[in-house]
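**Q** fold the following, please.
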Amino acid sequence: MQSTLQFGRFNFPWRGQGARARVMGILNVTPDSFSDGGNYQSLEFALSHAEQMILDGVDIIDVGGESTRPGSPPVSLEDELQRVMPVLYAVRDMGPAISVDTYKPQVMREAIIAGVDMINDINGFRAPGAIDAVRDSDCALCIMHMQSDPQHMQLAPAYGDVVAEVIAFLRERVETMLAAGIDPRRICIDPGLGFGKTVEHNYTLLKSTSRLIAELNMPLLAGLSRKSMIGAVTGKPLEQRMAGSVGGALAAVAQGATIVRVHDVAETVDAVKVWQAAQ
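**A** Numbering: from 1, shown residues only. The predicted structure is shown next:
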């Protein structure tokens with residue numbers, strides 16, 4: 001039975017002995033991401049933020065060069081490469097595992113050459129050439145569910161049974177990747193909280209984290225940091241959603257999530273440590 005996620009240079013136990021939740025820190029090198037767009041565009045500021053996340057105890061740094069907030073337009077391949085590649089090369093040997101957040105096969109190829117440990121694809125490796133780009137590497141592959149695309153996903157998201165439909169999508173993508181020769185130990189799943197879902201859909205999926213893990217038999221990444229689903233419950237604006245985001249991360253960890261993707265690394269690391277010590 002699969003119990004370890006192969007993560008490039010690392011192996012992360014996700015159940016059984018040695019299993020624990022990993023904190024993935026977000027490093028957006030974009031001008032327009034919903035929470036921290038423009039903050040870390042320069043290499044100097046990006047590296048300073050990476051260094052702070054390392055001091056705060058981060059396990060994985062996730063570098064993204066294209067905003068996927070609702071309504072965001074796509075960026076060109078050239079712009080994305082110019083944004084992410086210098087950062088990937090600079091942070092590769094800083095200690096933590098390194099992930100790149102992209103759906104473009106050419107960015108995946110270049111990132112693998114740079115030595116990343118994970119490809120985090122909001123499009124579930126559906127782009128032509130995406131599976132070919134990652135097949136022969138040893139990096140982890142995160143398959144995310146998204147209804148529609150970032151420009152249109154929040155216009156009118158609708159499901160008959162959101163949990164069943166997300167599971168069916170993820171199962172099909174996992175089976176496609178396995179048929180292509182991908183080692184199952186490299187795969188993890190992400191229900192895509194906030195990507196083509198209403199607030200109700202998001203919380204239904206969050207409450208079903210353990211079901212998704214059990215039915216798909218894969219480690220799960222949960223990303224809800226600072227999203228509108230936090231604001232809808234707390235009534236807090238974007239800059240005041242840290243506590244709610246930590247609470248959401250713990251809700252996912254309590255149901256077995258292997259990775260939580262967050263903006264507030266120090267606070268989440270401490271909260272996860274205390275929760276795990278109490279188990």
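**Q** can you give me the neighbour number for L81?
**A** The tally of other residues near L81 (other CB atoms under 10 Å) stands at 19. No exception for glycine: its C-beta is placed from N, CA and C like everyone else's.
**Q** quick one: contacts for it?
**A** Contacts were defined as CB atoms under 8 Å, 6 or more residues apart in numbering; by that measure L81 touches 65, 106-107, 110.
**Q** show me which pair in the residues you listed is furthest apart.
**A** Farthest apart among the contacts of L81 by CB to CB are G65 and Q106. That separation is 12.3 Å.
**Q** who has more neighbours out of those two?
**A** G65 (25 against 16).
**Q** wait, is L5 part of a helix?
**A** No: counting by DSSP: H, G, I helix; E, B strand; the rest coil, L5 is not part of a helix but strand.
**Q** bridged to it, which residues?
**A** Residues in a beta bridge with L5, per DSSP bridges, are F12.
**Q** count of residues packed around it?
**A** A count of nearby residues for L5, using other CB under 10 Å, gives 27.
**Q** also L55?
**A** Using other CB under 10 Å, L55 has 10 neighbouring residues.
**Q** now tabulate the contacts of L81 in TSV and tack on secondary structure.
**A** TSV is the format used below for the contacts of L81 (three-state DSSP):
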residue	secondary structure
G65	coil
Q106	helix
V107	helix
E110	helix
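**Q** flag the least confident of those.
**A** Across the set of these, G65 stands lowest in pLDDT, at 92.
**Q** what sits against that one?
**A** G65 makes contact with 29-30, 75, 79-81, 83-84, 101-102, 107 under the criterion CB under 8 Å, 6+ apart.
**Q** tell me the one of the contacts of L81 nearest L88?
**A** Distances from L88 to the contacts of L81, taken by CB to CB, are shortest for E110, at 8.3 Å.
**Q** could you pull up the residues touching that closest one?
**A** 81, 85.
**Q** can you give me the strands in the stretch 151-279 of the chain?
**A** With strands called from DSSP state E, counting those that start in this stretch, the stretch 151-279 of the chain shows them at 187-190, 221-222, 259-262.
**Q** got these as CSV, with mean pLDDT columns?
**A** Formatted as CSV, these follow (pLDDT from 0 to 100):
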stretch, mean pLDDT
strand 187-190, 98
strand 221-222, 98
strand 259-262, 98
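**Q** for G95, find the nearest of the ones you listed.
**A** Closest approach to G95 among the strands of the stretch 151-279 of the chain is made by strand 259-262 (17.0 Å; CB to CB).
**Q** how about stretch 130-137, which residues are buried there?
**A** 130-131, 133-134, 137 (16 or more other CB atoms under 10 Å).
**Q** same check, this time on stretch 157-170
**A** Across stretch 157-170, burial judged by 16+ other CB under 10 Å covers 157, 159, 162-163, 166-167, 169-170.
**Q** will you turn those residues into CSV that also has distance to G57 and pLDDT?
**A** Below are the buried residues of stretch 157-170 laid out as CSV (distance: CB to CB, whole Å; pLDDT from 0 to 100):
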residue, distance to G57, pLDDT
P157, 35, 85
Y159, 36, 94
V162, 33, 97
V163, 32, 98
V166, 30, 97
I167, 32, 98
F169, 33, 97
L170, 29, 98
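**Q** what's the closest of those residues to G115?
**A** The closest of these to G115 turns out to be L170 (CB to CB; 27.3 Å).
**Q** picking that back up, for E239, which of the strands of the stretch 151-279 of the chain is the nearest?
**A** Closest to E239 of the strands of the stretch 151-279 of the chain is strand 259-262 (CB to CB; 15.0 Å).
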